[in-house]
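1. Predicted model follows, preceded by the sequence.
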Amino acid sequence: MPSTVSSLWYIDAPDPVAVLRDHPGPDPEAAWALARQLNPERDVVPAASGTLKVWAGPDPESIYIGCYPGVTVVCSTQAALPRPTELPELLVRPLASEHTYLIAYDLSLGWGAFAQWERGEFRRSFSSTRVNILEDQGLPRVWERPHWAGEYPIELEPGEMADPQMLPFDPPDFADAANQEWLGFRYRGKFSEDALTPDQIAVCGFSLFPKGQAPALDAVPVPAVTERTTGKRGLFGWLRGRDRVS
């Protein structure tokens with residue numbers, strides 16, 4: 001499971017997990033176009049691609065995108081916000097999608113966050129460490145109740161003392177529960193035997209460079225094709241003229 005996640009989801013499909021199951025490979029052309037749209041002040045170059053198991057929480061100089069019919073995921077450090085309501089407007093609704101979801105966590109910090117927009121209008125956000133709520137805006141959703149009621153308490157390590165101000169849930173788990181509610185899968189473990197897992201969701205990778213400092217495209221190695229992306233025109237082979245774009 002990923003130790004860090006910083007993802008944005010743009011959803012129009014009524015059943016996102018069904019789309020992700022039925023379409024094993026993302027659209028690389030759409031992903032590259034969106035990467036450039038979201039980074040107008042950077043040069044964007046195709047890089048190694050893979051799945052959300054590895055790339056859900058990329059470094060600041062990378063972005064990973066999976067474009068599927070009615071479902072788009074963007075993995076970027078720009079989503080790792082202590083206050084999700086500060087998400088730049090460009091990232092709230094770049095595709096005029098019906099739903100926008102932010103899911104982020106860092107296990108090493110015990111931090112988790114989530115947020116929800118409907119047609120670009122803010123609805124709900126939450127962000128906290130185990131003892132400090134950083135943001136809590138909008139009306140809590142029904143699915144949150146068991147967490148606030150203490151049904152999913154923090155599991156302490158042997159010898160670890162509980163802080164008296166500790167929340168009744170682990171923030172990364174809370175963020176992951178939001179992901180399950182909105183998108184139908186968990187980053188951290190499976191909630192059923194046939195559940196979709198991050199290693200089954202492919203994304204296209206891109207490196208970000210200051211304007212004018214990107215290497216020539218011919219010098220960029222062809223990204224490896226993962227099992228989930230086989231058959232999608234060799235991922236970025238079309239950029240070299242190896243496949244014609246119709």
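-> On my side now, so go ahead. Numbering: from 1, shown residues only.
2. Show me where the protein has its strands.
-> Counting by DSSP state E, one finds strands in the chain at the ranges 4-11, 42-51, 62-68, 71-75, 99-106, 111-118, 121-128, 133-138, 202-210.
3. Count the neighbours of A149 for me.
-> Neighbour count for A149, taken as other C-beta atoms under 10 Å: 10. Bear in mind the C-beta positions are built from the backbone N, C-alpha and C, glycine included.
4. who's in contact with L91?
-> Counting by C-beta atoms under 8 Å, 6 or more residues apart in numbering, L91 touches 8, 38, 74, 76, 78-79.
5. got a list of what the residue nearest to C204 when sequence neighbours are not counted touches?
-> If you skip the residues right next to it in sequence, C204 has A31 as its closest partner in space, 4.0 Å away by C-beta to C-beta, 6 or more residues apart in numbering. By C-beta under 8 Å, 6+ apart, A31 lies in contact with 65-67, 203-204, 206.
6. Try it again at 10 Å.
-> 46, 49, 63-67, 72-74, 203-206, 235-236 (C-beta atoms under 10 Å, 6 or more residues apart in numbering).
7. and what of A113?
-> By C-beta under 10 Å, 6+ apart, the contact set of A113 is 5-6, 79-84, 102-106, 125-128, 134-135, 171-172, 174-175, 178.
8. 7 Å instead, please
-> By C-beta atoms under 7 Å, 6 or more residues apart in numbering, the contact list for A113 reads 81, 84, 102, 104-105, 126-127, 175.
9. same deal with S125?
-> S125 makes contacts with 84-85, 115, 135, 137-138, as judged by C-beta under 7 Å, 6+ apart.
10. can you give me the helices for this protein?
-> Using DSSP state H, the helices assigned to the chain run over residues 16-22, 28-38, 52-55, 89-92, 145-148, 171-183.
11. And the ones you listed: which comes nearest D194?
-> Each of these has some distance to D194 by C-beta to C-beta; the shortest is helix 16-22, at 9.7 Å.
12. tell me what that closest one is packed against?
-> Packing contacts for helix 16-22, counted by 3 or more C-beta pairs under 7 Å, 6 or more residues apart in numbering; DSSP states H and E, involve strand 71-75.
13. Got the confidence number for A80?
-> Per-residue pLDDT puts A80 at 97.
14. Tell me who's in contact with the closest residue to it other than its chain neighbours.
-> Leaving out its chain neighbours, the residue that sits closest to A80 by C-beta to C-beta, 6+ apart is S6, at 3.9 Å. Applying C-beta under 7 Å, 6+ apart, we find S6 in contact with 57, 75-77, 79-80, 104.
15. want to try TSV for those residues, with distance to S97 and neighbour count as columns?
-> Output for the contacts of S6, formatted as TSV (distance: C-beta to C-beta, whole Å; neighbours: other C-beta atoms under 10 Å):
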residue	distance to S97	neighbour count
G57	22	23
C75	16	25
S76	16	22
T77	21	16
A79	15	22
A80	21	20
A104	18	27
